[in-house]
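Trainee: give me a model of this one.
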Amino acid sequence: MMKTPRLALAIGVLAAAVSSLVSAQTLSLGPAGVNGPPHSAKSVADPPCGPTSISQSTDPSTVTPSNSISCNSGPPNFFHADNHYFRAMDLTSFGITGDFEVCQVTIGVQEATSGGGTGQPMTVNLYTWATFPSGSGTLIGTADVTVLDQQLTLLGVPVAAAVPAGSTLVVEIFTPSGIPDSNRFFIGSNTAGQSAPSYLEAAGCGIPTPVTFASLDHPDVDIVMTVIGQTLGVTPAALNVDLAGNGVLELGETVTIAPSWKNETLSTVTVGGTADNLTGPSGLTYSIADITATYGSIASGATANCADSADCYSMEVTGMRPNGHVDLTFDEFLLILARPTGGPNKTWTLHLGGSFADVPSDDQFYKYVETIFHNGVTGGCGLPGDYCPGDTTLRKQMAVFLLKSKLGATYAPPACTGTVFLDVPCTGGVFDPWIEDLAGRGITGGCGNGDYCPENPVTRAQMAVFLLKADQGSAYTPPACTGTVFLDVPCTGGVFDPWIEDIANRGITGGCGGGNYCPGNSTTRGQMAAFLTKTFGLVLYGP
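Mentor: Numbering: from 1, shown residues only. Below you'll find the predicted structure:
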């Protein structure tokens, strides 16, 4: 789309130049009412919407009073005519070699004063423009905003556009004539310097195309402007391990390592990869049997796994496994369109299985136990190298499991008070702060009569409520039950029935076998590992 709206406006102004109002317009500084030395402007912008900020302003946060010029009606009112302010940014000059997604433009405002006191209109246009300021550009994004009255501020304007790699991004700030409404606007600038010129177009003052402020005998008008966004590229999405086995890397086996990557660029890309630097604790031997992977052509916005192309990495670790939690790493370097991208693009973490002697690799809960261990939810059952998967999960233990699964391994609860439950006296019990924290979040109300019953096992019925309230919030209410999910959950008024059917519908449980859920049974530590992993989306391998 060509920038005809801006050209049409300019032509309209030229056609109206015969009027006495327009002919009286002049290029001038504003009134001297905004006084004081240059200073860091007060920000009225939202927090940055992206990780990358680019600016041609040497000082993008200072607005100098009475420094900017505009095409306006002159003294005493200085009501502005149509003014178009520009900056042209070559993305490569900022080290941006890929596509770039803009989310906000922040500009300096020297003064914005509206006749009615309710603000005035402004438009931010984004273009790609090969030969700026000559020729014309392609409009790729626009935003209309109302600028409230303000002085010496930074104004953030949300505006979205995707800029192709290698482009020159042109930002236009258009303030339509404020003369009919007695509006005055001067864009913010300073004299700190700039890496490229600022431009002005104002047909009412005989400037029908963009020219530099220096050419207008105002070389010290350096428009304050910052563009915020993010570089688009190919980003890591997931990691699968041992696709043909139990999904866990173990000693002595050669396993398939299958990363997934998402194409965040604006066009289809062909991606390949190489693996290197597989390493971990000393005493183990590390080898990469297949160092290359193929992801094929990935369409814009799509995700590809090397398994889709049947060409993934394979790796092996041998030796004597150290005790405890063991993680390895390897580096992956991508080739995009057969070009190296530098890197490594990603250092992946590989958890080494076999953490607990009493949870063999063929146990149905093996991967879930390894997952909650890797995520710091559990350290085992107190015996070195054991997890005790068949033991019941106690209500006091459940408090820790839930909060760490939800809030992370490093989470620590507030100090307890001893005033929440009669049987949680806060006299040094390690679980007491966790139990009171759980109650404070509305996840539990205890077991009745002012008690929590910390030594009681968690039943499978209770587990359903614990999980959903911890994940969805204390105010969450499940849908009505139907009685058609489990034979032993008939939906005849049981308080837990809707909660049980809800976790089944979410894929958190498939029951205990035979079409039943076994709501009155105690929850084993093995089952608990599966419940937590599925409810909170814990991953053993991932980005």
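
Trainee: helices of the stretch 251-400 of the chain, residue ranges please.
Mentor: Counting by DSSP state H, counting those that start in this stretch, the stretch 251-400 of the chain has helices at residues 366-374, 395-407.

Trainee: deepest-packed of these, please.
Mentor: Most buried of the helices of the stretch 251-400 of the chain, by mean neighbour count (mean count of other C-beta atoms under 10 Å): helix 366-374, with a mean of 24. Quick note: C-beta positions are derived from backbone N, CA and C, even for glycine.

Trainee: how about residue 461, secondary structure?
Mentor: Residue 461 falls in the helix class when you classify it by DSSP: H, G, I helix; E, B strand; the rest coil.

Trainee: who's in contact with it?
Mentor: Contact partners of residue 461, counting by C-beta atoms under 8 Å, 6 or more residues apart in numbering, are 496, 499, 500, 519, 520.

Trainee: tell me which two of the residues you listed sit farthest apart.
Mentor: Greatest spacing in the contacts of residue 461, by C-beta to C-beta: 499 and 520 (14.2 Å).

Trainee: neighbour count for these two, which is higher?
Mentor: Neighbours per residue, other C-beta atoms under 10 Å: of residue 499 and residue 520, the larger number sits with residue 499, 25 against 11.

Trainee: the more buried one and residue 463 touch, don't they?
Mentor: No. Using C-beta atoms under 8 Å, residue 499 makes no contact with residue 463, being 9.0 Å away.

Trainee: quick one, strands of the stretch 251-400 of the chain?
Mentor: 254-263, 269-279, 284-290, 292-298, 303-305, 313-319, 327-336, 339-340, 346-351 (DSSP state E, counting those that start in this stretch).

Trainee: adding mean neighbour count, mean pLDDT and distance to residue 469, write those strands out as JSON lines.
Mentor: As requested, these are exported to JSON lines (neighbours: other C-beta atoms under 10 Å; pLDDT from 0 to 100; distance: least, C-beta to C-beta, whole Å):
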{"stretch": "strand 254-263", "mean neighbour count": "22", "mean pLDDT": "96", "distance to residue 469": "32"}
{"stretch": "strand 269-279", "mean neighbour count": "18", "mean pLDDT": "95", "distance to residue 469": "42"}
{"stretch": "strand 284-290", "mean neighbour count": "14", "mean pLDDT": "97", "distance to residue 469": "42"}
{"stretch": "strand 292-298", "mean neighbour count": "19", "mean pLDDT": "96", "distance to residue 469": "40"}
{"stretch": "strand 303-305", "mean neighbour count": "19", "mean pLDDT": "97", "distance to residue 469": "33"}
{"stretch": "strand 313-319", "mean neighbour count": "18", "mean pLDDT": "97", "distance to residue 469": "40"}
{"stretch": "strand 327-336", "mean neighbour count": "18", "mean pLDDT": "94", "distance to residue 469": "32"}
{"stretch": "strand 339-340", "mean neighbour count": "10", "mean pLDDT": "64", "distance to residue 469": "50"}
{"stretch": "strand 346-351", "mean neighbour count": "18", "mean pLDDT": "96", "distance to residue 469": "29"}
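
Trainee: would you format those strands as JSON lines with distance to residue 186 included?
Mentor: As requested, the strands of the stretch 251-400 of the chain are exported to JSON lines (distance: least, C-beta to C-beta, whole Å):
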{"stretch": "strand 254-263", "distance to residue 186": "43"}
{"stretch": "strand 269-279", "distance to residue 186": "45"}
{"stretch": "strand 284-290", "distance to residue 186": "62"}
{"stretch": "strand 292-298", "distance to residue 186": "47"}
{"stretch": "strand 303-305", "distance to residue 186": "48"}
{"stretch": "strand 313-319", "distance to residue 186": "59"}
{"stretch": "strand 327-336", "distance to residue 186": "45"}
{"stretch": "strand 339-340", "distance to residue 186": "46"}
{"stretch": "strand 346-351", "distance to residue 186": "47"}
